[in-house]
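In: with the sequence up front, the predicted model follows.
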Amino acid sequence: MIFLLILIPIIIGSSSYQDHVRDTYLYFSQVTKEKPVKKKNNKTELLKEGLSIIPGWNKEKYSKIKVEKSNPYEVEPIRKGTDFSKVIEEVGHPMKLQISDEFYREVFHATWNSPFDDGNGICVRITYDKETNRVVEKEISID
């Protein structure tokens, strides 16, 4: 009986000591472990870097174009898009221009392509509202 009275506290104490050692080890292994560095180069960022192959375009010009942000419950847009005539001044006329009806307005899709015919070029597409002449969408894609 005395043996059990001595043995039970030793067992309980050693298991809590083992838990403490394990928790300490896990803590220090997480603190000292080097975290991998995430690269910010997603597909759009990589495409922006290659924009200079399209005559008149570069990353800065593309980034400067603001897209109109609208709230369907408000008459005025939250943020006005860049006037399309300013885009033309910056980069020149598009290679292709198509009109389309989208929801409640007519829009134009202006497209600029890289001069390569091998199917590996870059394409910039700017959509602007026919009535307001403001940019409502912009995108870069692989041609």
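Out: Yep, it's here.
In: shouldn't Ile65 be in contact with Ile88?
Out: No: between Ile65 and Ile88 there is no contact, the gap being 11.5 Å when judged by C-beta atoms under 8 Å. All C-beta atoms are positioned from the backbone trio N, CA, C, and that covers glycine.
In: how about the helices in this structure?
Out: Assigned by DSSP state H, the chain shows helices spanning 2-32, 43-49, 59-64, 84-91.
In: of those helices, which shows the lowest average pLDDT?
Out: Lowest mean pLDDT within the helices of the chain: helix 2-32, at a mean of 58.
In: ok, back up a step: neighbour-wise, which of Ile65 and Ile88 wins?
Out: Per other C-beta atoms under 10 Å, whichever of Ile65 and Ile88 has more neighbours is Ile65, with 17 against 14.
In: which residue, other than its chain neighbours, is closest to that one?
Out: Closest residue to Ile65 apart from its sequence neighbours, by C-beta to C-beta, 6 or more residues apart in numbering: Thr82 at 4.9 Å.
In: so what's the one you found up against?
Out: Neighbouring residues of Thr82 by C-beta atoms under 8 Å, 6 or more residues apart in numbering: Lys64, Ile65, Lys66, Val67, Arg134, Val135.
In: got JSON lines for those residues, with distance to Arg125 too?
Out: Below are those laid out as JSON lines (distance: C-beta to C-beta, whole Å):
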{"residue": "Lys64", "distance to Arg125": "16"}
{"residue": "Ile65", "distance to Arg125": "12"}
{"residue": "Lys66", "distance to Arg125": "16"}
{"residue": "Val67", "distance to Arg125": "12"}
{"residue": "Arg134", "distance to Arg125": "16"}
{"residue": "Val135", "distance to Arg125": "11"}
